[in-house]
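Student: Everything below, folded, please.
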Amino acid sequence: MGDPVAEYSSRLQQQEQDIHSLTAEIESLKNPQSLGLSSHLDGLREENAKLKYRLNILKRSLQEERSQCSKTMMNINQRLQEIFGEAIREAWPDLENPPLAVTPNQQAKFGDYQCNSAMAMAQMMKSKGLKVNPREIAEKIQQNIPDNELIEKTEIAGPGFINVHLKRSFVSKLLTNLLLNGVQPPPLESKKKVVVDFSSPNIAKEMHVGHLRSTIIGDSMCRLFEFLGYDVLRLNHVGDWGTQFGMLIAHLQDKFPNYLTVSPPIGDLQAFYKESKKRFDEEEDFKKRAYQCVVKLQSKDPAFIKGWNLICDVSRNGLVEMDEGRKIVFAPGQQIPLTVVKSDGGYTYDTSDLAALRQRLFDEKADIIIYVTDSGQSTHFQVVFAAAQMIGWYDPKVTRVEHAGFGVVLGEDKKKFKTRSGDTVRLMDLLDEGLKRSMDKLKEKDRDKVLSTEELTKAQHSVAFGCIKYADLSHNRINDYVFSFDKMLDDRGNTAAYLLYAFTRIRSIARLANIDEVALRKAAETTDVLLQHDKEWKLGKCLMRFPEILQKILDDLLLHTLCDYLYELATTFTEFYDSCYCIEKDRQTGEVVKVNMWRMLLCDATAAIMAKGFDILGINPVSRM
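Tutor: Numbering: from 1, shown residues only. Okay, here's the model as predicted:
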């Protein structure tokens with residue numbers, strides 16, 4: 001079902017346009033024939049009034065439902081965009097596709113969020129010959145802000161910024177919802193199929209440091225999509241195409257038994273493929289024969305090679321050009337052709353990647369396809385994607401196919417990361433070195449004196465692998481990054497070591513106060529999360545930005561945004577903890593004399609968000625370090 005409020009709003013907008021049109025027509029005619037139009041106009045006005053009445057009821061019902069807080073986390077930025085989008089439509093109903101810009105406010109004294117649409121709208125109107133002051137636009141938007149559960153007040157500043165102050169009581173309810181239901185993603189409009197192609201090591205060789213970035217970045221992208229509720233398929237592309245051709249050749253033998261002497265009239269390869277796939281799924285004998293055909297094909301049996309070539313020829317028909325013995329395809333807008341067959345009869349990555357893309361679109365029925373490879377392959381993927389669109393395999397407005405490129409791993413000398421002898425660094429050697437250094441770091445902090453052997457080993461693995469992953473993910477993937485064990489194991493600044501220690505410290509607060517999970521749960525059910533102190537409010541707002549951070553990453557696939565957010569959350573928590581007493585102790589005995597439970601709940605919420613962030617990044621924190 002669609003959004004009923006949006007449907008009613010759309011109908012209302014159409015009705016109002018009809019009314020304006022009819023009114024203008026009546027005024028222009030001014031004759032007896034206008035009586036019929038006037039009657040029609042009255043009917044439209046009556047229906048319009050009924051629709052507005054029902055729309056207001058729906059809006060009130062939706063607002064009450066939102067105010068009760070569902071189990072999922074609210075994306076505050078997205079909700080504010082809905083509110084301001086409605087206000088803009090009400091204020092300027094004739095403006096088509098008006099710009100909508102809502103961002104968190106960088107300075108707390110000016111509010112919590114800011115709507116910056118007025119200036120862009122003024123530019124849009126100017127291009128249409130309408131000169132309107134941005135501040136006047138902002139005022140009109142402000143006057144049309146609908147009743148909502150979220151905004152306490154708005155203020156206009158400068159040339160037309162609309163500063164937004166949130167209701168602290170509502171943010172408090174959202175935090176209570178988080179504590180009671182856990183970190184739940186915002187609801188999905190529809191569950192889409194996502195294919196992520198990453199890592200892709202050569203199955204004949206050992207993995208090396210060159211596979212590090214693709215594996216780490218691709219895995220985290222998958223974890224993000226999975227958390228948000230998508231159906232995710234992780235793929236290592238090793239170019240396995242045998243089964244499909246075995247299936248097609250078996251079907252070719254049955255349908256055109258004389259194919260060796262008479263060229264078979266296969267006009268629609270897609271239909272032919274569907275027929276063979278249906279038989280492969282439903283007929284056990286056919287499936288066995290298809291596998292036997294693969295063996296024959298791979299052993300270069302002449303009859304099967306001919307069948308394979310016939311099918312390939314049908315696939316190439318009409319799109320290829322000959323170029324010095326090569327068979328190539330020029331896709332629109334691309335300067336470089338896609339090479340289907342080399343002059344020596346061999347095939348290239350162009351061919352196998354185009355075939356793989358087709359399989360993901362038609363067999364896997366993917367809605368989103370992400371390729372996580374180094375940026376050096378960006379031109380290659382542009383050509384492949386353009387060719388697939390030219391053939392008509394997918395529409396980029398419907399299906400998202402994207403290359404998520406990344407820079408290379410550099411050594412501290414800013415050159416490509418290699419051993420002293422110049423060889424490529426083996427991945428196992430790099431991980432072993434990380435384990436050794438993380439154990440040295442833990443012993444330097446005397447953790448071996450307070451942790452059991454098992455706990456120390458867990459901490460060692462958590463720090464080593466967490467630091468290697470975080471050092472990669474915390475850099476913009478588009479850029480090259482310098483690999484340095486010393487920097488990644490530093491427990492100061494935006495590193496996994498700092499965040500893991502911060503997380504452990506936050507988790508230990510409740511333990512030091514002798515408060516267990518049952519007590520925290522009961523407190524969440526009965527205690528309001530007060531946000532009266534400036535540092536409480538800052539932390540509460542930071543926590544509730546988690547869904548909008550994930551949405552941004554979903555849009556641009558840049559995971560360093562999550563790392564930056566976790567670091568900001570950790571430092572914001574430190575400010576809160578230094579300024580707001582969670583536990584008050586007797587100065588002489590050190591015994592706990594008072595627990596401020598609403599602040600303990602803020603500690604618990606911070607730990608929950610950090611834990612989910614770590615999970616998306618593929619980092620495994622331990623409760624004691």
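Student: for the stretch 451-600 of the chain, what spans make up the strands?
Tutor: In chain order, the stretch 451-600 of the chain shows strands spanning 481-482, 583-585, 592-595, with DSSP state E, counting those that start in this stretch as the criterion.
Student: and these, which is most packed in?
Tutor: strand 481-482 (a mean of 18; mean count of other CB atoms under 10 Å). To be clear about C-beta, it is placed using only N, CA and C from the backbone, and glycine gets the same treatment.
Student: outside of that one, which residues touch it?
Tutor: 407, 409, 410, 411, 412, 414, 471, 472, 475 (CB atoms under 8 Å, 6 or more residues apart in numbering).
Student: Quick one, which of those are buried?
Tutor: With neighbours counted using 16 or more other CB atoms under 10 Å, the contacts of strand 481-482 contain these buried positions: 407, 409, 411, 471, 472, 475.
Student: My read is that the fifth one contacts residue 211, right?
Tutor: No - taking CB atoms under 8 Å as the contact criterion, residue 472 and residue 211 are not neighbours in contact, 11.8 Å apart.
Student: tell me the contacts of residue 214?
Tutor: Residues counted as contacts of residue 214 (CB under 8 Å, 6+ apart) are 198, 199, 200, 372, 373, 374, 406.
Student: on that earlier part again, looking at the buried ones among the contacts of strand 481-482, which are in helices?
Tutor: 471, 472 (DSSP state H).
Student: Break the protein into its domains for me.
Tutor: If the domains of the chain are taken from the TED database, they occupy 39-68, 71-166, 210-410, 428-617, with pieces of a single domain joined by a plus sign.
Student: Would you format those domains as CSV with mean pLDDT and distance to residue 194 included?
Tutor: Formatted as CSV, the entries for the domains of the chain read as follows, by pLDDT from 0 to 100; distance: least, CB to CB, whole Å:
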stretch, mean pLDDT, distance to residue 194
domain 39-68, 66, 28
domain 71-166, 94, 19
domain 210-410, 86, 4
domain 428-617, 93, 10
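Student: quick one, what contacts the residue nearest the centre of the chain?
Tutor: To find the centre residue of the chain, average its C-alpha atoms and take the closest one (CA atoms, centre = their mean): that gives residue 554, at 1.7 Å. Listed by CB under 8 Å, 6+ apart, the contact partners of residue 554 are 224, 225, 228.
Student: returning to what we had before: kindly present the contacts of strand 481-482 as a markdown table, with separate columns for distance to residue 150.
Tutor: Formatted as a markdown table, the entries for those read as follows, by distance: CB to CB, whole Å:
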| residue | distance to residue 150 |
| --- | --- |
| 407 | 40 |
| 409 | 44 |
| 410 | 45 |
| 411 | 49 |
| 412 | 48 |
| 414 | 48 |
| 471 | 38 |
| 472 | 37 |
| 475 | 35 |
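Student: State the pair within those residues that is farthest apart.
Tutor: Across the contacts of strand 481-482, the two members that end up farthest from each other (CB to CB) are 414 and 472, 16.7 Å apart.
Student: Which one (most neighbours) among the contacts of residue 554?
Tutor: Using other CB atoms under 10 Å as the neighbour criterion, residue 224 leads those with 23 neighbours.
Student: now the residue nearest to residue 366 when sequence neighbours are not counted, what's its secondary structure?
Tutor: Nearest residue to residue 366, sequence neighbours excluded (CB to CB, 6 or more residues apart in numbering): residue 195, at 4.3 Å. State at residue 195, reduced to three classes by DSSP: H, G, I helix; E, B strand; the rest coil: strand.
Student: what does residue 322 give?
Tutor: Classification of residue 322 into helix, strand or coil gives strand, according to three-state DSSP.
Student: ok, now how distant is it from residue 337?
Tutor: Separation of residue 322 from residue 337 (CB to CB, to the nearest Å) stands at 11 Å.
Student: These two: who's more crowded?
Tutor: Neighbours were counted for residue 322 and for residue 337 using other CB under 10 Å; residue 337 has more, 18 against 10.
Student: thinking again about what came up before, in TSV: the strands of the stretch 451-600 of the chain, plus distance to residue 83.
Tutor: Putting the strands of the stretch 451-600 of the chain into TSV (distance: least, CB to CB, whole Å) gives the following:
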stretch	distance to residue 83
strand 481-482	40
strand 583-585	39
strand 592-595	38
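Student: I'd like to know how far the nearest residue to residue 112 once chain neighbours are set aside sits from residue 123.
Tutor: By the measure of CB to CB, 6+ apart, the closest residue to residue 112 outside its immediate chain neighbours is residue 166, 4.7 Å from it. Applying CB to CB, the value for residue 166 to residue 123 is 28 Å.
Student: Kindly report the same for residue 304.
Tutor: Per CB to CB, residue 304 is found 64 Å from residue 123.
Student: Of these two, which one has the most company?
Tutor: Between residue 304 and residue 123, counted using other CB under 10 Å, residue 304 has the larger neighbour count: 23 against 11.
Student: which ones are touching that one?
Tutor: Listed by CB under 8 Å, 6+ apart, the contact partners of residue 304 are 249, 293, 296, 297.
Student: With residue 127 instead?
Tutor: When contacts are taken as CB under 8 Å, 6+ apart, residue 127 is in contact with no other residue.
Student: Distance check, it against residue 302.
Tutor: Spatial separation of residue 127 from residue 302 under the definition CB to CB is 67 Å.
Student: burial measure for residue 309, as a count.
Tutor: Around residue 309 there are 11 other residues, counting by other CB under 10 Å.
Student: what's the helix or strand for it?
Tutor: helix 302-316 (DSSP states H and E).
Student: Run a quick check on residue 515 versus residue 600, I expect a contact.
Tutor: Yes - with the criterion set as CB under 8 Å, residue 515 and residue 600 qualify as a contacting pair; they are 6.3 Å apart.
Student: circling back: adding secondary structure and neighbour count as columns, could you present the contacts of residue 214 in TSV?
Tutor: Supplementary listing: these in TSV, determined by DSSP: H, G, I helix; E, B strand; the rest coil; neighbours: other CB atoms under 10 Å:
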residue	secondary structure	neighbour count
198	coil	24
199	coil	21
200	coil	18
372	coil	26
373	coil	22
374	strand	15
406	strand	23
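Student: Among those residues, which pair sits farthest apart?
Tutor: Greatest spatial distance in those: 200 and 406, 13.3 Å, computed using CB to CB.
Student: re earlier: with distance to residue 180 as extra columns, can I get the domains of the chain in TSV?
Tutor: Formatted as TSV, the entries for the domains of the chain read as follows, by distance: least, CB to CB, whole Å:
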stretch	distance to residue 180
domain 39-68	12
domain 71-166	8
domain 210-410	19
domain 428-617	5
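Student: ranges for the helices of the stretch 201-350 of the chain?
Tutor: 212-227, 242-255, 269-282, 284-298, 302-316, 349-362 (DSSP state H, counting those that start in this stretch).
Student: about what we covered before: from the contacts of residue 304, pick the one nearest residue 257.
Tutor: Scanning the contacts of residue 304 for proximity to residue 257, where the rule is CB to CB, the winner is residue 249, at 12.3 Å.
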